[in-house]
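Here is the input, now give the coordinates:
(3 chains)
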Amino acid sequence: MKDVDVLDDFDIEDYIRQDQMPHFLCPGCGHGIALRALMWAIHDLAIPKDKLAVVSGIGCSGRLSGYVDASTFHTTHGRPLAFATGLALARPDLHVIVISGDGDCLAIGGNHMIHSCRRNLNMTCMMLNNEIYGMTGGQVSPTTSSDRFTTTTPAGNTEPVFDACALAAAAGASFVGREVTLQILALRELLRDAIANDGFSFVEVISDCTEIYGRKNDLGASPEMMMSQKSSMRPFAYRNTVDVPFRPTGLKTGVLAKTDRPEYGKAYRAMTEKLRGKKGRG
Amino acid sequence: MSQRINLQGNHACALGAIRAGCRFFAGYPITPSSEVAESMARELPKVGGTFIQMEDEIASMAAVIGASMGGMKSMTATSGPGFSLKQENLGYACGAEIPCVIVNVMRGGPSTGMPTRPSQGDIMQARWGTHGDHPIIVLAPASAAEAFSETSRAVELSEQLRVPVVVLLDEAIGHLVETVDLDAIPETPEVWRKWAEGPKQDYEPYAVTDDMVPPMSRPGDGYRTHTTGLTHAPNGFPTQNPAIAEAALTRTTTKLDLHRERYESWRVRQCDDADLLIVAIGISARAAQAAVDDLRADGVKAGLFRPVTLWPFPEEALREVVASSGAKTVLVPEMNQGQLVLEVERVLKGSAGTVGLGRIDGEAITPDQIAGKAREILG
Amino acid sequence: MTNPVQVPTNVLIVGVGGQGVIMVSKVLATLCQNHGYAVKQSEVHGMAKRGGAVFSHVRFGPQVWSPTIPEGEADVLVALEWAEGLRWLSFLKPDTGTFIADCQRIVPPFACRNRGRGAEASYAPQTPEEIIQQVHAGYAMDATTMATNLGNLRAANTVLLGALSTALDFAVDDWLATIPQFVPPASIDINLAAFAAGREWALAGEKRVDANAEGPHVSYTEIRHAQVDTVVEIVEERCKGCDICVKLCPERCLRLNDSLVAELVLPDLCTGCHMCEWLCPDFAISVTNTPVPEPA
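Residues are numbered from 1 along each chain as shown, chains lettered A, B, ... in the order given. Sure, this is the predicted structure:
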């Protein structure tokens, strides 16, 4: 019997492919929590599973699509947004969710990310930021904090980092937000608003890679990492500007940008219909 | 009444695809293929289709696959450098068996090469460009009319066999304006991949079927399947089980062997009594035809074998033509340093002497050049 | 009462945020000042919000050095809330102190020491009769109901002020002149009436307990979850022993067992809050709360 007294009737088991469980993620990987929040948001919005398409790239984040009981597409490294663009244009009836990682989305897929933001096609990109390439063994990523050790920064990272949300907002995403996994209820709400937004939504989830990144940098186990992630963030409710770029910690959480811009698919179809109307009259 | 109009090869490609029901095009500007995209941008909205110019070549290939996974016939067009970039996602389409069409208008290479000059340097890339063993069909039209009909056929074949199909033009054919009969081929919007049917629990997206082409599901049909570029089991999920992996990879290659009749296409001209057989594609085949006429006028028994389906190569057909004509020499003129000749050598296995003739200076190969080479061989 | 000319008189006013502790102490301090005394008023605004504990020390006399009242030295203890009064009772002078308290209860959030669903809040068990017997002079009055009957329950503090006036040597008119400076103009009349009612009630005897002392507080809303049965299921095959549920459980009622699988070892502490379920990255935990039917 389901709970009758708490919040709602969400059951993760209704949304995952139980025959694929347990999933392949390491113990304590925050990606699983993010996946729960995402499915919860889908449940909140009463999106039927048959109208849900989940597209992911390569890496630890990329494998998540395989656990969702929906039409799922595990595509190539960095390209899920491009695949999703084709899918969303071909099928405006679908709810398209892209799951990507910091390397997938900001490094190899950076171009697709900024152009997806610019185009504002209706889809939601959940970027899981764990500051590392986990699946390949722990190499530096565009979001690895300063001085952190990775297998390719044996003396500590000297590269500056991307502020993914500032980038997304600057590139024109109509909804931008960030949350940590520990705040799962806030994350669920953020994702719900992101999916409901008619346009391109970008949500950065601060996730933890305990086994590789945490271990190599002595950041403690998952609970400690999650707590420190939370305490290093600055909750920041609805506001339209992002004014603290390039800071490894002290990033803002919450909704960071929300603008009312024309959704690309609708704009394109309106143009098509206008053309066809003209053709009919002429 | 037939609609005969003058069309550029590139424009003919676009119209041919639309005739077969292609309704999605994603591209990126690149010489000498940009006219395909321009034509699609103009024509697709008229038929309710979608055109998008993506941020790069990689993205346009991805978007085409994405649209096809959503249940649309889709196509992209490019040239050498872009074709290199598309190889990554082309491999995905091969592995996940997603129907799609890629037009590659060849230009001089390597790298940026000679953007506005003709070449046939991508013959091997079209077959082996993406990593790993993979099935792929490559069609090589030799006229604007054939660009029209072959692109239409490319859409149909990609649907029927769930395999990416490359339409390999050279710059000369792409920019050649010729009369095309738009009613020469039927409209085939009804040719689709097989769609999944029956109860969800019985459906396996990569099941081994008699024809080795599994029915495909799409979002919204209730099957909620998983599609991945990882080697997958019949249920669509990744596997590293050696037996399952081998069976899965074997099926995708066997499926093309099973359907040779459906996609193989070649043209023979004056081959019955040929002593010298010329094997060529595209603009080189047109030059070779003139050379055959020239040689015949001199009393040399020359013939032309032109693969229209370039890959998988029509090997039985070529062997048969060589055997029945008794040709002792095979000349392979092409606009590269010798790619097609390698395949011809492999197919004939020494049953006839094989000689290559390459041209790589950015100019189209000429009849004189081919006839001259033939005379040189024959002494 | 001690002669204020020689040593300071100490009045301690306690209650919870929002009741008007500060208003009472301001009235008293102003009154003292107007009579030429040195006054020290030091206060703590509790948790700076409604519902938090608040106290205010008022000391007056010819010379006052220390701002706070030492334990056992308060001449009068005014408690706007019963349990707060009990908490400060040890500050009252054992032999001569006067205890003036509203006997209505406001149960603070931290009285819910047991976070289990259906748990009763703990509250001071002593009855007003017991307490009033222990002190030199005492008034357990239902000031809230008295103020409510006058038209505004928020004037309960002024009712107590009326009782306080009987314990100090200031003229009634002085009190009545001071109160209007600290209440909104619209409620001056009601506050003066409340003062009169409180004073009248206290003048009736040195020890009095209101007959309705056990009556429920009108503004007190019972916060009590329905009793539930909580079942925490942990799927062993999915648990990877990451420790998240163990360390982030607010009640710390989970442990990793010898095979590094999470286990509910202290089920009695579990409140069914779902935190372990929500934060389990492996979807290994499910928490089900089933309501227990209320006895008919």
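
surely residue B:359 meets residue B:369?
Yes. Contact criterion CB atoms under 8 Å: residue B:359 and residue B:369 qualify, at 6.9 Å. (Glycine included, C-beta is placed from N, CA and C.)

Need the residues touching each of the two.
Common contact partners of residue B:359 and residue B:369 (CB atoms under 8 Å, 6 or more residues apart in numbering or on different chains): residue B:333.

Who has more neighbours out of these two?
The neighbour count for residue B:359 versus residue B:369, taken as other CB atoms under 10 Å in any protein chain shown, is higher for residue B:359 (21 against 17).

Can you report phi and psi for the residue nearest to that one when sequence neighbours are not counted?
Using CB to CB, 6 or more residues apart in numbering or on different chains and skipping the chain neighbours, the partner closest in space to residue B:359 is residue B:365 (4.5 Å). For residue B:365, the backbone dihedrals (degrees, to the nearest 10) come out as phi -70, psi 150.

just residue A:179 next, same as before
phi -150, psi 160.

Now do the same for the closest residue in space to it that isn't next to it in sequence: helix, strand or coil?
Closest residue in space to residue A:179, ignoring its immediate chain neighbours: residue A:187 at 4.1 Å, by CB to CB, 6+ apart. Classification of residue A:187 using DSSP: H, G, I helix; E, B strand; the rest coil returns helix.

just residue B:193 next, same as before
Judged by three-state DSSP, the three-state class of residue B:193 is coil.

can you give me the helices for the stretch 151-282 of chain A?
For the stretch 151-282 of chain A, the helices defined by DSSP state H, counting those that start in this stretch cover A:164-171, A:184-196, A:215-216, A:222-232, A:264-281.

Can I get the second one as CSV, trimmed to CA atoms?
Backbone C-alpha positions of helix A:184-196 (Å, rounded to 0.1, in the frame of the first residue of the first chain) are rendered in CSV as follows:
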residue,chain,number,x,y,z
ILE,A,184,16.1,16.7,-3.4
LEU,A,185,12.7,18.4,-2.8
ALA,A,186,14.1,21.7,-4.1
LEU,A,187,15.7,19.9,-7.0
ARG,A,188,12.4,18.2,-7.8
GLU,A,189,10.6,21.5,-7.9
LEU,A,190,13.3,23.1,-10.0
LEU,A,191,13.1,20.3,-12.5
ARG,A,192,9.4,20.5,-12.5
ASP,A,193,9.5,24.2,-13.4
ALA,A,194,12.2,23.5,-16.0
ILE,A,195,10.2,20.9,-17.8
ALA,A,196,7.0,23.0,-17.6
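
what sits up against it?
Residues contacting helix A:184-196 (CB under 8 Å, 6+ apart): A:33-34, A:36-38, A:40-42, A:44-45, A:47, A:95, A:97, A:124, A:126, A:175, A:177-181, A:201-203, A:205, A:253-255, C:278-279.

Now the buried members of these.
A:33-34, A:36-38, A:40-42, A:44, A:47, A:95, A:97, A:124, A:126, A:175, A:177-181, A:201-203, A:205, A:253-255, C:278-279 (16 or more other CB atoms under 10 Å in any protein chain shown).

Name the residues that touch stretch B:349-362?
Contacts of stretch B:349-362 (CB under 8 Å, 6+ apart): B:108, B:114, B:117-119, B:121, B:277, B:319, B:322-323, B:327-338, B:341, B:344-345, B:348, B:365, B:369-370, B:373, B:377.

buried sites along that stretch?
Here stretch B:349-362 shows B:352, B:354-360 as buried, counting by 16+ other CB under 10 Å.

Just put those in TSV and tack on pLDDT and secondary structure.
Compiled in TSV, the buried residues of stretch B:349-362 are given as follows (pLDDT from 0 to 100; DSSP: H, G, I helix; E, B strand; the rest coil):
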residue	pLDDT	secondary structure
B:352	93	coil
B:354	96	strand
B:355	97	strand
B:356	97	strand
B:357	97	strand
B:358	96	strand
B:359	96	coil
B:360	95	coil
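
residue ranges with poor pLDDT in the chain?
You didn't pick a chain, so chain A it is. Along chain A, the parts satisfying pLDDT under 70 run over A:1-8, A:234-250, A:278-282.

hmm, I had chain C in mind actually
C:1-6, C:45-51, C:108-122, C:211-226, C:295-296.

how is it carved up into domains?
Following automatic domain parsing, chain C resolves into domains at C:9-209, C:228-291.
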